[in-house]
Structure formats: C-alpha cells, structure tokens
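Chemist: Quick one: sequence plus predicted model below, questions after.
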Amino acid sequence: DPAGATIELLQQGQKGSEPDLEARHPIANGAILAHVTLRVRDLAAAQNWCAEQGLHLISVQPLDAYGFTLYFYAYNQETPPHGSLTAVANRPWLWRRPYTLLELQHLHGAGSQPGASGPLLALEARDAQSAGSISLPLAGLNV
C-alpha cells in the first residue's frame, strides 16, 4: 500500500483445520471481512468505546513474545468453546467466525498518547431501515 497501511489476509482455519472449499455461498464462496484490527495505546478508552457501541468481548489472546495482546469484540454474544477468554485453544474458533470481529491490538508499554484526528471508519447498521453509521473518534482512542 503506497500510504503504508497494512493489509493482512487471513485464512478461515489454522493449518490442519481449514474449512472445506465446497460451495456454501454464491458469491466468493462465503468470504467475509473477518477481522478489523485497530492498534490501540489507550486500552481502557478503546474498551469503553466498544461497550458504548454494544460490542461484546469474546476473546483475549496475549502474545507476549510479540509485545501485544489481541482483544476480540463482536455484536454476537457467542461463547468460545474453551471456557477461558484467554484459552489458546480458542484461536481456530476465532478465525472461523462467520461474522466480522473488531480486533484491538494493544501494544504493551505503549502508554496512552493524546492525539487529534477525525473519524476512521463506519460500521454497518444491523437494520437497513434504520441505517446509519457509527464514527470511531480516533482522538479518544489514541490508535
């Protein structure tokens, strides 16, 4: 990307647990926008924003060796198959969700740094008749 944005392509299963490629959907074989990742410095502010939007925390994946922790949020209240939100065994399940997850990547030791910017993205409304968008104010999240 000329602007320096990172785009990561994810498979819907980890090695050895890939889904069957049979036709499940007439368009793109059921491909979805799986994870929207935001790198956050102020985790508390980001988590408060998620709660205000009605998003539910469905998994926390610490990756200490890489210096960050992933927090997965969704509008769905689905429970991970392995009891603990931090269970590594939940990772294959996360990558197979048939809906979009908001992934907060919290950089360890980054600290919160004030900043000012405009909205970053809009999230699709669940009901087309009451369609609208939700702006994510970056200044409050310090991403």
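Modeler: Yes, it's here. Numbering: from 1, shown residues only.
Chemist: When you work out contacts or count neighbours from here on, use the C-alpha atoms and nothing else.
Modeler: Fine.
Chemist: Who are the packing partners of the one helix or strand residue 38 maps to?
Modeler: Under the criterion of DSSP states H and E, residue 38 resides in strand 35-40. Packing partners of strand 35-40 (3 or more Cα pairs under 8 Å, 6 or more residues apart in numbering; DSSP states H and E): strand 101-107.
Chemist: So which residues make contact with the strand it packs on?
Modeler: 34-43, 46, 67-74 (Cα atoms under 8 Å, 6 or more residues apart in numbering).
Chemist: What strands flank that strand, and is each parallel or antiparallel?
Modeler: Paired strands of strand 101-107, with direction, are strand 35-40 (parallel), strand 68-74 (antiparallel) (DSSP bridges).
Chemist: Is it possible to mark the buried ones in the contacts of strand 101-107?
Modeler: 34-35, 37-43, 46, 68-74 (16 or more other Cα atoms under 10 Å).
Chemist: What segments of the protein are helices?
Modeler: Using DSSP state H, the helices of the chain run over 43-52, 91-95, 138-141.
Chemist: Tell me what angle the strand holding residue 38 forms with helix 43-52.
Modeler: Angle, strand 35-40 to helix 43-52, by axes from the mean of the first three to the mean of the last three Cα atoms, to 10 degrees: 140 degrees.
Chemist: about what we covered before: could you dump the strands paired with strand 101-107 into a markdown table with distance to residue 56 added?
Modeler: Shown next, in a markdown table, are the strands paired with strand 101-107 (distance: least, Cα to Cα, whole Å):
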| stretch | distance to residue 56 |
| --- | --- |
| strand 35-40 | 15 |
| strand 68-74 | 5 |
